[in-house]
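# sequence and predicted model, in that order:
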Amino acid sequence: MKKLYCISLLLCLFFVSKIAIGQIWTQKANFADSTNGAVGFSIGAKGYILSGDTSHSFYEWDQATNTWTRKADFPSTGTGTGGVGFSIGTKGYIVTGDIGQEFWEWNQATNIWTQKANFEGASRDAAVGFSIGNKGYVGTGGGHSSNLNDFWEWNQSTNTWTQKADFGGTARFSAIGFSIGTKGYIGTGNDGMLPNPVQSDLWEWDGDIASPTYNTWTQKANCGGGITQSAVAFSIGTLGFICRGMTHDFWEWDQSTNTWSPKTNFGGVVRYYAVGFSIGNKGYIGTGQDYNNNLLRDFWEYSDTTVGVNEITYLQNMAVYPNPANDKIYIERSNNNAMEVNLFDLLGNKVFTIMTSKNKNTEIDVSGINKGVYILKITINNNSLNKKVVIE
C-alpha cells in the first residue's frame with residue numbers, strides 16, 4: 001500500500017536551499033578587447049586578462065571600481081592564445097598556447113614581465129593550469145600530433161619544472177582545471193576517442209606532500225549536467241564551479257560531499273573558450289566566442305548570498321509536495337509564467353526535463369524513478385531555485 005502524505009512544504013518557509021535571489025549574475029564593465037582564447041588569473045582584489053588572438057594587450061580589472069586598466073604589454077612574440085594562466089602570491093604566470101614552451105611571470109608590484117625557465121613538457125594548446133601554495137601546475141592539452149595527459153609542477157622558489165603523475169583520465173584537450181586547498185582538479189574535455197569523445201569525468205590530484213596518497217589521482221563524481229568541453233571553471237573556498245561550454249548551465253561541486261548542485265544559469269550568452277577566475281567569495285566569467293563565432297567582450301560576476309524568498313514575489317507562494325513522494329510531485333505557484341523543471345541525482349546526472357507554459361499548477365510523475373534523494377531545479381524568468389526531494 002502506498003503511503004499518503006498530506007503535508008505541503010512551502011518553499012518560502014521551509015527547507016530553502018540557496019534560492020536564486022541569493023545566486024546572482026551581475027554584468028560588469030566590458031573587457032577592453034573582443035577576444036577569443038584569452039588567458040586570465042586573479043591577484044588579490046584584481047582580475048587580469050591577456051587578450052590573446054593578435055593582441056599583446058594585458059588588462060587589470062579592479063573589483064572595487066569596476067574599471068579596466070591597461071598594463072604592460074605581454075612581451076613574447078606570441079600572444080598567449082590558447083595558453084593557461086595562474087597566480088602565486090602577487091605574481092601571475094602565462095604558459096603554453098601559441099608561445100610554445102615559453103613561461104612568463106608578471107609582477108603586480110612593478111608591472112614588469114620576466115621570462116622564467118621554459119616549460120619542460122611538450123608544446124600544447126587548450127591545457128589546464130592552477131596553483132597550490134607556491135607551486136604552479138600545468139597538464140593535459142592538445143599536442144602537435146596527439147592529445148596529452150602529462151602533468152607538470154613548477155616551483156616558484158627554485159624556478160624548476162618537475163613531472164608528476166600523469167593525469168588519471170584519458171589524454172584530452174579543452175578540459176577544466178581548478179584547485180581547492182592542497183588538491184587539484186581536472187575534468188571534462190575532449191579526448192578524441194570515438195564514438196564518445198566529449199567527457200564528463202572529474203579527477204582529484206593530491207598535492208599534500210605529507211599525505212599517504214600524495215601525487216595520486218582519484219576519480220570523483222562526474223561533472224554536473226553531463227559531458228562538455230571548452231567549459232570554464234573556478235573555485236571559491238571549498239567549492240568548485242563550472243559553466244558548461246556552449247550552455248547556460250552552471251554547477252557547484254562540494255569538495256566535502258563530492259556532490260554537484262545546479263545553480264542559477266550563467267547570465268551571459270552561451271560561449272566557449274571563456275576566461276574564469278575568482279576574487280574572494282565571487283566568481284567571474286568573460287570573453288570567449290559565441291555560436292556564430294562572434295568574439296565577446298562581456299564580463300560577469302557571480303555571487304551567492306542566501307536571503308529570504310520574500311524578495312521574489314512569484315516564489316513566495318510556491319509549494320512543492322509531497323516530500324517524500326512516491327507517485328507524483330506537485331508544484332503550485334501564484335503566476336503563469338513559463339517554467340522549466342529539471343530533476344538531477346546527487347552525482348549531477350539529469351533524470352528529466354519538463355517545460356510548462358501558463359499552467360499555474362504542475363503535476364510530475366515520478367512513479368518510474370528509482371528511490372533516492374534528488375535535486376529539483378525550477379527555473380522561471382532565468383531565476384532558479386533548488387529543492388532537495390526524496391522519492392520513496
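That came through fine. Predicted, not measured: the structure shown is a model, and the values here were computed from it.
# which non-adjacent residue is nearest the residue nearest the centre of the chain?
Nearest to the geometric centre of the chain sits Ile242, at 1.8 Å (C-alpha atoms, centre = their mean). Leaving aside its sequence neighbours, Ile242 sits nearest to Ala233 (C-beta to C-beta, 6 or more residues apart in numbering; 4.6 Å). Glycine gets a C-beta too; all of them are placed from N, C-alpha and C.
# for that neighbour, helix, strand, or coil?
Assigned with DSSP: H, G, I helix; E, B strand; the rest coil, Ala233 falls in the strand class.
# hang on, isn't it packed against Phe178?
Yes - if you go by C-beta atoms under 8 Å, Ala233 and Phe178 touch, sitting 4.9 Å apart.
# what is in contact with those two at once?
In terms of C-beta atoms under 8 Å, 6 or more residues apart in numbering, Ala233 and Phe178 are both contacted by the residues Gly240.
# ok, back up a step: ok, so what distance separates the residue nearest to the centre of the chain from Phe41?
Separation of Ile242 from Phe41 (C-beta to C-beta, to the nearest Å): 17 Å.
# what of Ser179?
From Ser179 to Phe41 the distance is 12 Å (C-beta to C-beta).
# give me the more crowded residue out of the two.
Phe41 (24 against 19; other C-beta atoms under 10 Å).
# next secondary structure element downstream of the strand or helix carrying that one?
Element membership of Phe41, judged by DSSP states H and E, is strand 39-43. Counting by DSSP H and E, the next helix or strand C-terminal to strand 39-43 is strand 46-52.
# contacts for that following strand, please.
For strand 46-52, the external contacting residues (C-beta under 8 Å, 6+ apart) are 31-33, 35-42, 56-63, 71, 74, 79-83, 85, 92, 94, 97, 106, 108, 275, 277, 279, 284, 286-287.
# please pick the buried ones from these.
Neighbour counting by 16 or more other C-beta atoms under 10 Å classes 31-33, 35-42, 56-61, 63, 71, 74, 79-83, 85, 92, 94, 97, 106, 108, 275, 277, 279, 284, 286-287 among the contacts of strand 46-52 as buried.
# please flag which of those residues sit within strands.
39-42, 56-61, 85, 92, 94, 106, 275, 277, 279, 284, 286 (DSSP state E).
# how about Asp53, phi and psi?
Main-chain torsions, Asp53, degrees, to the nearest 10: phi 50, psi -120.
# got the contact list for the closest residue to it other than its chain neighbours?
Spatial nearest neighbour of Asp53, chain neighbours left out: Thr35 (5.3 Å); criterion: C-beta to C-beta, 6+ apart. Residues near Thr35 by C-beta under 8 Å, 6+ apart: 49, 51-53, 55, 287, 295, 297.
# of all the residues you listed, which comes closest to Thr170?
Nearest to Thr170 among those, counting by C-beta to C-beta, is Gly52 at 26.7 Å.
# ok, whatever helix or strand Asp201 lives in: who's next to it in the sheet?
Assigned by DSSP H and E, Asp201 falls within strand 198-206. Counting by DSSP bridges, the strands paired with strand 198-206 are strand 183-190 (antiparallel), strand 217-220 (antiparallel).
# now render those strands as CSV, adding mean pLDDT.
Formatted as CSV, the strands paired with strand 198-206 follow (pLDDT from 0 to 100):
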stretch, mean pLDDT
strand 183-190, 98
strand 217-220, 98
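# rewinding a little: what mean pLDDT does the strand holding Asp201 have?
Across strand 198-206, pLDDT averages out at 98.
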